[in-house]
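# Provided below for reference: sequence and predicted model.
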Amino acid sequence: MPEELIDILKNSLSFSVNANKKTADLTLLPHGEDKPISFHVNYRLEESGENTEIIITNAASDRIWVNELIKMWLEQSDFHY
């Protein structure tokens, strides 16, 4: 995991995964912000031989500008979205 991501997650207020529903929720308070930002992710797991991939089927935040950043990042990343 990249060190920058670890630093961000250190400031998380809450993180939960529901394996049955295949969802993850993260609420964090980034440096300089006065209100937390919440994220909700739906995913599925695809197994191929010995490998397991996480497929993001939906990702959303409570902030419109963050939703746009998520969309741009997922479209340009190795994640299947």
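Happy to help now that I have it.

# How far away from the center of its chain is stretch 25-32?
Relative to its chain's centre, stretch 25-32 lies at 12 Å (Cα atoms, centre = their mean, to the nearest Å).

# got it, and stretch 47-57?
For stretch 47-57, the distance to the chain centre is 16 Å (Cα atoms, centre = their mean).

# residues of it that come out buried?
Buried residues in stretch 47-57, defined by neighbour count with 16 or more other Cβ atoms under 10 Å: I56. No exception for glycine: its C-beta is placed from N, CA and C like everyone else's.

# same thing with stretch 23-33?
24, 26, 28.

# Quick check: the gap between the second one and E50.
The gap separating L26 from E50 is 28 Å, by Cβ to Cβ, to the nearest Å.

# Could you export the host helix or strand of L69 as CSV, CA atoms only?
Element membership for L69, per DSSP states H and E: helix 64-76. Presented in CSV, the C-alpha positions along helix 64-76 are these (Å, rounded to 0.1, in the frame of the first residue of the first chain):
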residue,chain,number,x,y,z
ILE,A,64,-19.7,16.1,-5.8
TRP,A,65,-16.1,17.1,-6.5
VAL,A,66,-14.8,14.0,-4.8
ASN,A,67,-17.1,11.8,-6.9
GLU,A,68,-15.6,13.4,-10.1
LEU,A,69,-12.1,12.6,-8.8
ILE,A,70,-13.1,9.0,-8.0
LYS,A,71,-14.5,8.6,-11.4
MET,A,72,-11.4,10.0,-13.2
TRP,A,73,-9.1,7.9,-11.0
LEU,A,74,-11.0,4.6,-11.5
GLU,A,75,-11.2,5.2,-15.3
GLN,A,76,-7.5,5.6,-15.5
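
# Identify the residues contacting it?
37, 39, 56, 59-61, 81 (Cβ atoms under 8 Å, 6 or more residues apart in numbering).

# Going by distance to N20, which of these wins?
N20 has its nearest neighbour among the contacts of helix 64-76 in I56, at 17.7 Å by Cβ to Cβ.

# Verify the stated contact: the closest one with V41.
Yes. The pair I56 / V41 is scored as a contact, 6.1 Å apart, by Cβ atoms under 8 Å.
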